[in-house]
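# using only what follows, build the 3D model:
(chains A, B and C)
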Amino acid sequence: MRNITKTFGTIVANDDVSLDIYKGEILSLLGENGSGKTTLMNMLSGIYYPDAGQILINGQPVTISSPREAFEYGIGMIHQHFKLVDVFSAAENIVLGLEEEGRLDLVRAGERIRKICDTYGFDVDPTQKIYNMSVSQKQTVEIVKVLYRGADILILDEPTAVLTPQETERLFAVLRNMKKDGKTVVIITHKLHEVEEISDRVAVLRKGKYIGDMITSQTNAQEMTNMMVGREVSLNIERPEPVNPRPRIRVDGLTVRSADNVLKLDDVTFTVNSGEILGIAGISGCGQKELLESIAGLQKVESGTISFVNNDGSEESLIGKDPLQIAEMGVSLSFVPEDRLGMGLVGSMDLTDNMMLRSFRRGRSVFTDRKTPKKLAEKVVDELEVNTPGVSTPVRRLSGGNVQKVLVGREIASSPTVLLSAYAVRGLDINSSYTIYDLLNQQKKDGVAVVYVGEDLDVLLELCDRILVLCSGRVSGIVPGKEADKNKVGLMMTRLGGGDSDE
Amino acid sequence: MSKANREPLIHITKRKEMDWKQAWIIRVISIVCALIVCALVTMVMTGQDPLSIFGAILEGAFGTERKLWILGKETAVLLCVSVAMAPAFRMKFWNLGGEGQMLIGAWLTAACMIYLGGKVPSVVIILISLIGAIAIGAVWAGIPAFFKAKWNTNEVLFTLMMNYVAIQLVAYYIIIWENPKGSFNVGIINQSTRDGWLPYIGSFQYLLNILVVAAVTVLMYVYLQYSKHGYEIAVVGESQSTARYVGIKVDRVIIRTLLVSGGICGLCGFLMVAGTDHTITTTLAGGRGFLGILVAWLAQFNSLAMVLVSLLLCVMSRGAGEISTDYGLNQSFGDILTGIILFFIIGSEFFINYRINVRGSDKVIKEAKSAGPEGGLH
Amino acid sequence: MFDLFAFIPRAIVQGIPLLFGCTGETISEKAGSLNLGIPGVMYVGGICGVIGAFLYEQSADGNVQAFPAIAIPLLACLAGSLLMGLLFSVLTITLRVNQNVVGLAMTTFGVGIGNFFGGSLIKLTGSDVPSIILSSTSAYFSKTLPFAHSTGIFGKLVLSYGFLAYVAVIIAIITAYVLKRTRVGLQLRAVGENPATADAAGVNITKYKYMATCIGCMIAGLGGLYYVMDYASGVWTNDAFGDRGWLAIALVIFTLWRPNVAIFGSFLFGGLCILYLFIPTGTEMAVKELYKMLPYVVTIIVLILTGMRNKRENQPPESLGLPYFREDR
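You can find the predicted model right below:
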């Protein structure tokens, strides 16, 4: 791949990236979230089309504009979100879309599938229905699907994110078998130990740019982390000293499973203090969402306790209560969710109506009071400098930063005692981001217990008083913000405890 | 790069939002185009020039005082059903059971009139049948809503089936109530005593119905726009996860809203039996349960638009009736014209929600101009 | 005395229009299009057949031949239903308008067309009764198989129907086979279940949806044709077709989207529809209307039970009723 550039709107996902992939190797593509790994590989597999640059296969320039064309060049990609039809059997999914000669013969297809499985050591029952399969089985079907189409280059997008350690081991064994068979494997990941374990070579991307590549056996975790996270950048975010912090929320042994029975949080224990910002760091999908939603009363909890600590030291449990009941307890809990327009706000409603979401029940009247929310909307627009034609504009029409200001503005308007925020600055420009940091700091000064889930380590390190690092649903450690070292936190995100202890 | 530009010739993208003025211009244009096509079809059928055809339509709808009253009555019924559908729609719940909910309300009214007639004062009959009709209509809609809320049963199919359960139930009672025997016809109920009949206002038989529907329309507007319930309905319709996030009980809102929707349908059935028809047939709803859905959908919860669309459809159907008598055509001619108009307005929604980009130019091509004709018939 | 041998053939002829409608709707729904316009399509199919037969009888002037008597109404019926299918497809697939809305409008429109042309033809013939009688063409449609009357009970139960009845069963069997066993069927089902996946696998979503909807409509239209030309012996009366279209949609749910099951399902529904004729005399006339309720009640029960049991194979296609827009991904 030569000089590849791809932009989405104003965001440059890949900036002049050149990458070589050799036949018969296992290459790790390493980088933080949003560093452009997946985008780059999507261009190789025909999902996206590059804005500039070119792709050469065996020295020949080629055009790949659909997944089907990618298959013709022997390139197949296994995406993070499986593309499988649930009610079909494995074999049906595998042959779907193939234009083979003759009639559909699932028995013969099944035999071919078994043969592929035997070659590489998979275990797939061609007649089993997808909805009866575990996540790792589904992934296997995806891999077989690609091999069935005769792919020589396999791209796997974070394949281990959904697997247990044993399943990961099995997958790696299969990948090694493929390598022996002369296939090329590209594995997108941000887990260093996996890079070390499986790959021959590692290439690193950071913020859409190609940083460099190394032979895995000649490097170490520290060097890779340095390349991945880059040098520490000074952002000059204010961090006032916490005033009189006291426990506000105690989480003890929290365990949560998702609807499809995947362990999302495993025995998580920590305390949130008033008057401080607790940062939560971790690779995305490591349980941050479940953690916040458990506290906010939106998540079914398997075991463990979450209790709210009153000023007089008495504790009340939040487990098993819905948001309304929590509010009725007198706990003023605000939550800025990750999915702003899908959960926090209603896109088609205007600013005023969105301000009402939290407060519309107030008062005994059967009618809604729109005057107060309208004033609030005007106040938010005014104070947070929301760029909008007016308070009766549907929020969907606002830009991301302004949407976020509206959401945060509403959530802090109820003068909360606890403020949960997930990826509060995602997709925001620099100025809007600083506005949000200031708002959070203001809340902290007012004695609010703030939880900040973030993905940018630089921000977490400068903004937060303490940082809780999650790794695959478990607490990898809690470090003070002032003393935390970026590389160490980075390591803790990928390995439980970060290899060596920080506590 | 041999095949550098692979972008397709016509590329369709979703519009963010079109301002309402532009949207209405497109809608009006599509209606005008629909009327032109209607006139052409009528021309082919009758050989008359378009002007006299429209003259006949207007004559049929507004020609005499009596025709005007009938138009008002018909519009009121259609509007009432559309209003009933509005809250369910707002919640994105497809209540296709309007026919059945109306009919079952009508059935209860007829039952009250027959069984209580002569035994209790007329006012009492009216009150009992009013309350009963609303309640049973609500129940008829509440059953599918309950299953939707608890087990996510497909509401489109469920409400649809409930219609025919109601129709057969009514058919059963029509035979029991037959008058005279063997006619499969109930006849005018309590013709001499007028027990359970709604009173005329002055000498106007249809006025009370029209007033009640007007009041219901206004109330529904207020309910959806200004009440807390209306707000909850809107949030649930837009995003159930947002609703849960702010602590709205989604299943409760679904059931409650359908009770309201079905209740108004029941009320509509009551008005038709006690107010105008004084009899009951299995075809009492006459497809208006379905037509009401279309009206509510086309009007996009806008009450004024609902009035206008109902009126337009009723004018066309009355007018088509006039044309059919004048030129010896079949009464169903009206359904065809209604269908043409509906397809045009329905098609125009595409041009409101999507933007067409042609390769090589970022400009939106002639959206307003082409909306109408391309919207309907292709 | 309940006469089973009289009952079964009558149940079957009642069921055949439903079978056509159900098979057509199943194909359409398997590709994700919930076509509520099927009742209208069946009306249009019926009236187009009637128009074809009428014109042919007029031009043939008493000299009616077997081949054109069958071919002309058949082709007219298929063409009419195809047009309806195209209308639905353009509006829902290309213009992405809500399927329920288009379907309901199409039912209004289709029933209107049926009754309008039916009424016009009745007027043309100047007949006293409000119906058109096309007995000479109909005779070819309702011709039974050979030996139907000489083979006793077997002949009566199996051989005594017009050719369209056998066509209905054959189409249902072929459809079931195609859906389950062929590549086209596999891809069609994938389109209805998960269009994004099918799209990624290189299946042309638009093509499959158009094909499924149009073929589905043509098959359903045959149901209308069978009803007039065979069941009603060539007599068209306005509104006589009644609610059979909705019953066909109910049958789709009842049979859990399986055309092979629909063969027996349609006979069962047909039986439920005419059961009242066979219940012992002396029962009150009104009760028969309650018997007619049975197919719908049974469908509701099936709908509830499948919803509660939540077995994946028995659910409606996952993206049923939803438009597919690639850029929504």
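# what are the phi and psi values for residue A:254?
phi -70, psi 120 (degrees, to the nearest 10).
# who are the contact partners of it?
Going by C-beta atoms under 8 Å, 6 or more residues apart in numbering or on different chains, residue A:254 touches A:265, A:267, A:268, A:269, A:291, A:294, A:301, A:303, A:304, A:305, A:306. Every residue, glycine included, has its C-beta placed from N, CA and C.
# now, which of these sits nearest residue B:57?
residue A:294 (63.7 Å; C-beta to C-beta).
# hmm, which helix or strand of chain B has the shakiest average pLDDT?
Taking mean pLDDT, DSSP states H and E as the measure, helix B:367-376 is the helix or strand of chain B with the lowest mean score, a mean of 35.
# make a markdown table out of the contacts of residue A:254 and add secondary structure, neighbour count and pLDDT.
Formatted as a markdown table, these follow (DSSP: H, G, I helix; E, B strand; the rest coil; neighbours: other C-beta atoms under 10 Å in any protein chain shown; pLDDT from 0 to 100):
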| residue | secondary structure | neighbour count | pLDDT |
| --- | --- | --- | --- |
| A:265 | strand | 28 | 87 |
| A:267 | strand | 14 | 88 |
| A:268 | strand | 23 | 89 |
| A:269 | strand | 13 | 89 |
| A:291 | helix | 28 | 89 |
| A:294 | helix | 25 | 89 |
| A:301 | coil | 20 | 86 |
| A:303 | strand | 12 | 87 |
| A:304 | strand | 18 | 87 |
| A:305 | strand | 15 | 87 |
| A:306 | strand | 23 | 88 |
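# could you export these as TSV, including distance to chain C?
Shown next, in TSV, are the contacts of residue A:254 (distance: C-beta to the nearest C-beta, whole Å):
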residue	distance to chain C
A:265	27
A:267	32
A:268	31
A:269	36
A:291	28
A:294	26
A:301	24
A:303	26
A:304	29
A:305	32
A:306	31
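# tell me the one of the residues you listed nearest chain B?
Proximity of the contacts of residue A:254 to chain B (C-beta to the nearest C-beta) peaks at residue A:294, which lies at 13.6 Å.
# just say helix, strand or coil for whichever residue of chain B sits closest to chain A.
Nearest residue of chain B to chain A: residue B:247, at 3.2 Å (C-beta to the nearest C-beta). The three-state label given to residue B:247 by DSSP: H, G, I helix; E, B strand; the rest coil is coil.
# what's the closest non-adjacent residue to residue 223?
Using chain A here. Closest residue to residue A:223 apart from its sequence neighbours, by C-beta to C-beta, 6 or more residues apart in numbering or on different chains: residue A:214 at 7.4 Å.
# um, chain C though
Residue C:223's closest residue in space is residue C:20 (C-beta to C-beta, 6+ apart), at 3.1 Å.
# that neighbour: which element?
Using DSSP states H and E, residue C:20 sits within helix C:4-30.
# is any residue of the next helix or strand along the chain from that helix near chain B?
Proceeding C-terminally, helix C:4-30 gives way to helix C:38-60 as the next helix or strand, assigned by DSSP H and E. No: using C-beta under 8 Å from any C-beta of the partner chain, helix C:38-60 stays clear of chain B, coming no nearer than 8.7 Å.
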